[in-house]
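Participant: generate coordinates for the sequence data below:
(chains A and B)
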Number of protein chains: 2
Amino acid sequence: MNLRYAVIGTGALGGFYGGMLAKNGQDVHFLLNSDYQQVRDLGLRVDSVTGDFVVKPIHAYSNASAMPKADVVLVCLKTTNNHLLKELLSPIMHEDTIVVLIQNGLGVEQQAAASLPGAQIAGALAFICSSKVGPGHIHHLDLGKLTIGSFNLKQPEVLQQIRFDFNDAGVPCQLTDDLAMARWQKLVWNVPFNGLTVVLNATTDQIMANEESSKLAHEMMYEVVDAANASGVPLKRDFADKMMAVTAKMTPYAPSMKLDYEHKRPMEIDAIYSQPIAEALKCGFKMSKVEVLEKQLHFYNAMNLQ
Amino acid sequence: MNLRYAVIGTGALGGFYGGMLAKNGQDVHFLLNSDYQQVRDLGLRVDSVTGDFVVKPIHAYSNASAMPKADVVLVCLKTTNNHLLKELLSPIMHEDTIVVLIQNGLGVEQQAAASLPGAQIAGALAFICSSKVGPGHIHHLDLGKLTIGSFNLKQPEVLQQIRFDFNDAGVPCQLTDDLAMARWQKLVWNVPFNGLTVVLNATTDQIMANEESSKLAHEMMYEVVDAANASGVPLKRDFADKMMAVTAKMTPYAPSMKLDYEHKRPMEIDAIYSQPIAEALKCGFKMSKVEVLEKQLHFYNAMNLQ
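Facilitator: All right, here's what the predicted structure looks like:
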């Protein structure tokens, strides 16, 4: 069985993951916004550390209602655009369509389920350095692994096929039985470093090099671990220790939130901060330190977008 | 009895308070650093909302060992220079000299007492908008009230004379029996707004205008109030509420720490943040939110001074 893929949001993530599938001969349909004409005429250009390529001809659309129904919808929007999910996805879903949210943060599956009653939803975490450098032009710098887990799939086995398609296309992909664990694990890194790179106007290496700020990042990681545990996800504190050790060895890196801020795009404060804070609080745990960063980010966001 | 005053640190505070006393005929001796020659030759210029004046002739010194012994030493250094206290004050103290620390933060009297064994120490809080705008040139913009309290004076009555001298010179001055309370009260405002104006790169009115950042400031005020209570100082939370209301009506204002940061001077992180945090922790209370700001300020300070 061949799956038909739709990519909603053809940017740094959607351009790369959808592009890799299309390059490998999969049936992929891309929804584009401002880049539509460029991509329709010239194709989608992906400069990747694994080899540059252009997807052309390409199934490109400027409007979801013109797209065919898809078996798998890869949602690669920023979570700040998730209020558009119902409008963008409804036209392209059939009864068995699988929605895969390749997004950061917490609570995105719950929100999508509320917007799309009856939809079958999976979540995915992308470990990738990738950015859009121009219209229809993606620069893939490093990594790329996807971790996918079922949220409410009736037949989670379908994820095996999706995993096969990605692996076959050269994208390392693994499945997880515990999507909540995967999301909290990623938050351990994302919570301190996405926000602190903005508020401290710094790259990861600068934060790691300063004793006080690296201690702050480490403490925030522990707070995320403690919040996960309060929420019933048994993460261990040594996972945070490992993340700190990994970060100390990373090349200087500006996380996606820092790039969003610099490009005057809205930051994903709700998914990465407010949702975990609310989830932990619901379970009786107060993320005091992370709350400070959340509020500071709201201020930065407001100043940036005014 | 006429008191002989020495002013250590002739900047925004020392220039104004010492200048007002000198203008009124008090015997005041000023220690200067980089501005010495300018002030010796041209006097000390104070542009004040209460009337401009120049102190000339003036008792100006570039070296404490050249100064006469003083009855009252007004310490108007930034707390970041308090490691110099022993060197600067020892030459000018006699057996009954009163040291008045006109400084922000907590623990400054304890530190001075450790540096100057046997010294008689008082603390003072300045409620003033004043800055040094050029060599020997002070701009006094608003307010000016001093609150003075004994730390370890053998005869606290001497403060009556000091209060009289200030009042007589046109500086509103009151005495307090509870210096710890006065210091914690001032921290209620200083802790959120000194640090947040730096880390958010904002003025007080911008912080107040944004719902999230004003909430953060308010929460940090409560944390200071709670810390004060843990330390045995019975502040009430409605004091914080009042401070918020006052700040909402203030004209846009950049606190001293923000000015220090902008002029690439060291910030008073220890006195305003680390000391209260340590004092509260000693009493079993953790200032979780303020700790975040403290560490962020250390990072900003390190980047700023490198």
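
Participant: so after the helix or strand that contains A:Met20, what's the next helix or strand?
Facilitator: Assigned by DSSP states H and E, A:Met20 belongs to helix A:12-23. Moving toward the C-terminus from helix A:12-23, the first helix or strand encountered (DSSP H and E) is strand A:27-31.

Participant: now the angle from that next one to helix A:12-23?
Facilitator: With axes from the mean of the first three to the mean of the last three CA atoms, to 10 degrees as the basis, strand A:27-31 and helix A:12-23 are set at 150 degrees to each other.

Participant: please point out which parts of strand A:27-31 sit buried.
Facilitator: Buried residues in strand A:27-31, defined by neighbour count with 16 or more other CB atoms under 10 Å in any protein chain shown: A:Val28, A:His29, A:Phe30, A:Leu31. The way it works is simple: take the backbone N, C-alpha and C, and place the C-beta from them, glycine included.

Participant: can you pick out the most distant pair from these?
Facilitator: Within the buried residues of strand A:27-31, two members stand farthest from each other by CB to CB: A:Val28 and A:Leu31, at 10.9 Å.

Participant: contact residues of chain A facing chain B?
Facilitator: Within chain A, the positions lying close to chain B (CB under 8 Å from any CB of the partner chain) are A:196, A:199-200, A:202, A:206-207, A:210-213, A:215-216, A:288-289, A:291-296, A:298-300, A:302-303.

Participant: could I get the full set of helices for the stretch 1-150 of chain A?
Facilitator: A:12-23, A:36-42, A:85-89, A:108-115 (DSSP state H, counting those that start in this stretch).

Participant: looking at these, which is closest to A:Val55?
Facilitator: When the helices of the stretch 1-150 of chain A are compared by CB to CB, helix A:12-23 sits nearest A:Val55, at 4.7 Å.

Participant: any idea how far the closest one is from the chain center?
Facilitator: On the basis of CA atoms, centre = their mean, to the nearest Å, helix A:12-23 sits 14 Å off its chain's mean C-alpha point.

Participant: any idea of the mean pLDDT in it?
Facilitator: Helix A:12-23 carries an average pLDDT of 98.

Participant: show me what that helix is in contact with.
Facilitator: Residues outside helix A:12-23 that contact it (CB atoms under 8 Å, 6 or more residues apart in numbering or on different chains) are A:5, A:7-8, A:10, A:28, A:30, A:44, A:46, A:48, A:53, A:55, A:58, A:74, A:76, A:102, A:126, A:128, A:130-132, A:136, A:138, A:140, A:144, A:146, A:165-166, A:169-171, A:256.

Participant: again, only this time at 7 Å
Facilitator: A:5, A:7, A:10, A:28, A:30, A:44, A:46, A:53, A:55, A:58, A:74, A:76, A:102, A:126, A:128, A:130-132, A:138, A:140, A:165, A:169-171 (CB atoms under 7 Å, 6 or more residues apart in numbering or on different chains).

Participant: what subset of these is buried?
Facilitator: For these, a burial check counting by 16+ other CB under 10 Å picks out A:5, A:7, A:10, A:28, A:30, A:44, A:46, A:53, A:55, A:58, A:74, A:76, A:102, A:126, A:128, A:130-132, A:138, A:140, A:165, A:169, A:171.

Participant: which ones among those lie within strands?
Facilitator: Counting by DSSP state E, the buried ones among the contacts of helix A:12-23 place A:5, A:7, A:28, A:30, A:44, A:46, A:53, A:55, A:74, A:102, A:126, A:128, A:130-132, A:138, A:140 in strands.

Participant: residue most distant from the centroid, chain A?
Facilitator: Outermost residue of chain A with respect to the C-alpha centroid, by CA atoms, centre = their mean, is A:Glu211; its distance is 29.7 Å.

Participant: so what's that one up against?
Facilitator: Listed by CB under 7 Å, 6+ apart, the contact set of A:Glu211 is empty.

Participant: would you list the phi and psi of it?
Facilitator: In this entry, A:Glu211 is assigned phi and psi values of phi -60, psi -40 (degrees, to the nearest 10).

Participant: skipping adjacent residues, who's closest to the residue nearest the centre of chain A in space?
Facilitator: Centroid-nearest residue in chain A: A:Gln103, 2.6 Å away (criterion: CA atoms, centre = their mean). Closest residue in space to A:Gln103, ignoring its immediate chain neighbours: A:Thr79 at 5.2 Å, by CB to CB, 6 or more residues apart in numbering or on different chains.

Participant: what number of residues lie near the one you found?
Facilitator: Close neighbours of A:Thr79, defined as other CB atoms under 10 Å in any protein chain shown, add up to 23.

Participant: ok, it to chain B distance?
Facilitator: Distance of A:Thr79 to chain B, given as CB to the nearest CB, to the nearest Å: 18 Å.

Participant: measure that residue to A:Thr204 for me?
Facilitator: A:Thr79 sits 21 Å away from A:Thr204, going by CB to CB, to the nearest Å.

Participant: can you name the residues that contact A:Pro172?
Facilitator: By CB under 7 Å, 6+ apart, the residues touching A:Pro172 are A:Gly144, A:Lys145.

Participant: let's go with 10 Å and repeat that
Facilitator: Neighbouring residues of A:Pro172 by CB atoms under 10 Å, 6 or more residues apart in numbering or on different chains: A:Phe127, A:Leu143, A:Gly144, A:Lys145, A:Leu146, A:Thr147, A:Arg163, A:Phe166.

Participant: repeat for A:Pro234
Facilitator: A:Asp178, A:Met181, A:Trp184, A:Val225, A:Ala228.

Participant: adding secondary structure and distance to B:Asn24, write those residues out as CSV.
Facilitator: Converted to CSV, the contacts of A:Pro234 look like this (DSSP: H, G, I helix; E, B strand; the rest coil; distance: CB to CB, whole Å):
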residue, secondary structure, distance to B:Asn24
A:Asp178, coil, 75
A:Met181, helix, 72
A:Trp184, helix, 66
A:Val225, helix, 62
A:Ala228, helix, 65
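
Participant: which two among the residues you listed are spaced furthest apart?
Facilitator: Spanning the widest gap among those are A:Asp178 and A:Val225, at 15.3 Å by CB to CB.

Participant: which of those two has more residues huddled nearby?
Facilitator: Higher neighbour count among A:Asp178 and A:Val225: A:Val225, with 24 against 12, using other CB under 10 Å.

Participant: isn't that one right up against A:Pro276?
Facilitator: No. The pair A:Val225 and A:Pro276 fails to qualify as a contact (CB atoms under 10 Å) at a distance of 11.3 Å.

Participant: and for these two, which residues touch both?
Facilitator: In contact with both A:Val225 and A:Pro276: A:Trp184, A:Leu187, using CB under 10 Å, 6+ apart.

Participant: pLDDT wise, what is A:Glu262 at?
Facilitator: On pLDDT, A:Glu262 comes in at 97.

Participant: ok, it - contacts?
Facilitator: A:Thr197, A:Val198, A:Asn201, A:Ala254, A:Asn304.

Participant: was I right to think A:His59 contacts A:Gly43?
Facilitator: No. In this structure A:His59 lies outside contact range of A:Gly43 using CB under 10 Å: 11.1 Å.

Participant: got the domain ranges for chain A?
Facilitator: A:4-177, A:181-305 (automatic domain parsing).

Participant: circling back to that earlier point, how about the helix holding A:Met20 as PDB, C-alpha atoms only?
Facilitator: Output in PDB follows, covering the C-alpha atoms of helix A:12-23 (Å, rounded to 0.1, in the frame of the first residue of the first chain):
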ATOM      1  CA  ALA A  12      12.100  24.300   7.600                       C
ATOM      2  CA  LEU A  13      10.500  21.100   8.800                       C
ATOM      3  CA  GLY A  14       7.800  20.400   6.200                       C
ATOM      4  CA  GLY A  15      10.100  21.300   3.300                       C
ATOM      5  CA  PHE A  16      12.800  18.900   4.500                       C
ATOM      6  CA  TYR A  17      10.700  15.900   5.600                       C
ATOM      7  CA  GLY A  18       8.200  16.200   2.800                       C
ATOM      8  CA  GLY A  19      11.000  16.900   0.300                       C
ATOM      9  CA  MET A  20      12.900  13.800   1.400                       C
ATOM     10  CA  LEU A  21       9.700  11.700   0.900                       C
ATOM     11  CA  ALA A  22       9.000  13.200  -2.500                       C
ATOM     12  CA  LYS A  23      12.600  12.800  -3.700                       C
END
